[in-house]
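Novice: need a structure here:
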Amino acid sequence: MEMENLADGEDSHMLNGSVSESLNTDRMTLDEGYEPEEAAIPEQEEFLPHVPNQKTHFTDFEGKTSFGMSVFNLSNAIMGSGILGLAYAMSNTGIILFVFLLIAIAVLSSYSIHLLLKCSGVVGIRAYEQLGQRAFGSGGKILAALIITMHNVGAMSSYLYIIKSELPLVIQTFLGLSRNTGDWYLNGNVLIIIVTISLIFPLTLMKHLGYLGYTSGFSLTCMVFFLCSVIYKKTVISCPLNTTMTHPVYTNGHNTTEGDISGTFEDMCIAKLFTVNSQTAYSIPIVAFAFVCHPEVLPIYTELRRATKSRMQNVANVSIFAMFVMYLMTAMFGYLTFYGQVEPEMLHTYSNVDPLDKLMLCVRLAVLVAVTLTVPVVLFPIRRAIQQLLCPGQDFRWWRHIVIATCLLTVVNILVIFVPNIKDIFGVIGATSAPSLIFILPSIFYIRIVPNEKEALTSRPKIQAALFASLGFVFMVMSLSFIIVDWVTTGKSNVGGH
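Specialist: Now for the predicted structure:
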């Protein structure tokens, strides 16, 4: 009896040792961004099928974020400051063309996430940069990291620009001041530094993205309040605006005049179903930029509880559909309130009607809270991209985690403070990073990573992916061409941020 127990103990010890060694080998393989030469293990299967209760581990920790929290995080990553420019985009495309663009970009974004998840499932990698390395070596890894960094730095800058421009107005109204007195607490540059240190920086120190699901949910609640206010204001604001403006306004995207211009709006209160003008080219990057969330997809997938491709695809579909509804309603009611008078930043249009409106003051405050809580979610993929470039495969270190966040926030604050006009930069980023992240990178990764033995180059899925990448190149070339032509002909551009 004792001999049997001893034998059982030795067998158990050897089995446990084998399991531990196999898991360590798998973990090292995934961390280093490459796979062994054997056939890839399907995601639904276990790494060690001969061990009954062995769970699949793609990372150093098991995902613990619920489905709902993952939806909040991804929805918050999708929704950005671009929602403030959608009514302006509709005014320059017409209702029919705008709805077509919105549906098309939403469907294409869902398809590109499907390509990313399928690549991830084939190789067992849940990092965008590692997919680039697997597809094209170190060059692909660097390219993916640079595009993610460029896009997210632009998005973070747009959020901080909103804080810089809107927060002084909110404080000024709360204090009952008729004008900016020049005090430090009305200085936008000072305020963004205070907000960054006191609110944004502590949230960026979270170790796991899933913990930000609570702040993401609150951020989305703020934007729902913004949408409800836009719908309500449609019922109380008449067109043309019953106001006299004594500050510059935008007509068709251009700063046209100063002084009393209320009389020029009489012919602008007609909803257009389809229109094309010089600013229509900017509407496409605005809509595309508003749906970019792809750098955040794989980190959220990593931390999803009971993660499978189908479960994560459902997270993406629910998030995209929810944001599609919010975008469409915001654009529709905002446009039908101001028609041709809507400005690129919709909150400014409401301030033309009544600068002291308490409801819109609360809306401004809600938008400020929303964009403030979104910055940490956007920062996570940038930090991960930098870590993949500088120290791939290394264990987590708090000092590195904190230093990267500090450097990123410092760079973005300097950019927002010292660059006087960053709209043209956002235009170029929106016309380059958005098609790269939505169309091009997921498609070429899919073509390179999925084995030809499983799907031949002439198979329908890979032909679709190739056409999808081609569409991205066409989109990029057209957008940049139209933007450059507008710069040459008008001397300025007006593009909303993400």
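
Novice: Point out where the stretch 1-150 of the chain drops to low pLDDT.
Specialist: Regions of the stretch 1-150 of the chain meeting the criterion pLDDT under 70 cover residues 1-63, 81, 125-126.

Novice: now the helices: where do they sit in it?
Specialist: Secondary structure of the stretch 1-150 of the chain (DSSP state H, counting those that start in this stretch): helices located at 2-31, 67-78, 86-91, 95-123, 128-174.

Novice: Go through those helices and pick out the most buried.
Specialist: Neighbour counts averaged per stretch over these are highest for helix 86-91, at a mean of 29; criterion: mean count of other Cβ atoms under 10 Å. Where you see a C-beta, it was placed from the backbone N, CA and C, and this is true even at glycine.

Novice: for it, packing partners?
Specialist: Other helices and strands packing on helix 86-91, by 3 or more Cβ pairs under 8 Å, 6 or more residues apart in numbering; DSSP states H and E, are helix 280-290, helix 309-338.

Novice: chain center to that helix: distance?
Specialist: On the basis of Cα atoms, centre = their mean, to the nearest Å, helix 86-91 sits 19 Å off its chain's mean C-alpha point.

Novice: same thing with stretch 91-99?
Specialist: What separates the centre of stretch 91-99 from the centre of its chain is 23 Å, taken as Cα atoms, centre = their mean.

Novice: same check, this time on stretch 399-411
Specialist: The mean C-alpha position of stretch 399-411 is separated from the chain mean by 20 Å, Cα atoms, centre = their mean.

Novice: what comes up buried for that stretch?
Specialist: Of the residues in stretch 399-411, those with enough neighbours to count as buried (16 or more other Cβ atoms under 10 Å) are 400, 401, 404, 405, 408, 409.

Novice: Identify whichever of the helices and strands packed on helix 86-91 lies nearest to residue 364.
Specialist: Of all the helices and strands packed on helix 86-91, it is helix 309-338 that lies closest to residue 364, at 14.7 Å by Cβ to Cβ.

Novice: tell me what the closest one is packed against?
Specialist: helix 67-78, helix 86-91, helix 95-123, helix 213-236, helix 294-303, helix 346-353.

Novice: Apply 7 Å and report the result again.
Specialist: Helix 309-338 sits against helix 67-78, helix 86-91, helix 95-123, helix 213-236, with contacts defined as 3 or more Cβ pairs under 7 Å, 6 or more residues apart in numbering; DSSP states H and E.

Novice: Quick check: nearest residue in space to residue 312, chain neighbours excluded?
Specialist: Counting by Cβ to Cβ, 6 or more residues apart in numbering, the nearest residue to residue 312 once its immediate chain neighbours are dropped is residue 301, at 4.7 Å.

Novice: The one you found and residue 327: what is the separation?
Specialist: 23 Å (Cβ to Cβ, to the nearest Å).

Novice: out of these two, which sits in the more crowded spot?
Specialist: Under the neighbour definition other Cβ atoms under 10 Å, residue 301 and residue 327 were set side by side, and residue 301 has more, 28 against 24.
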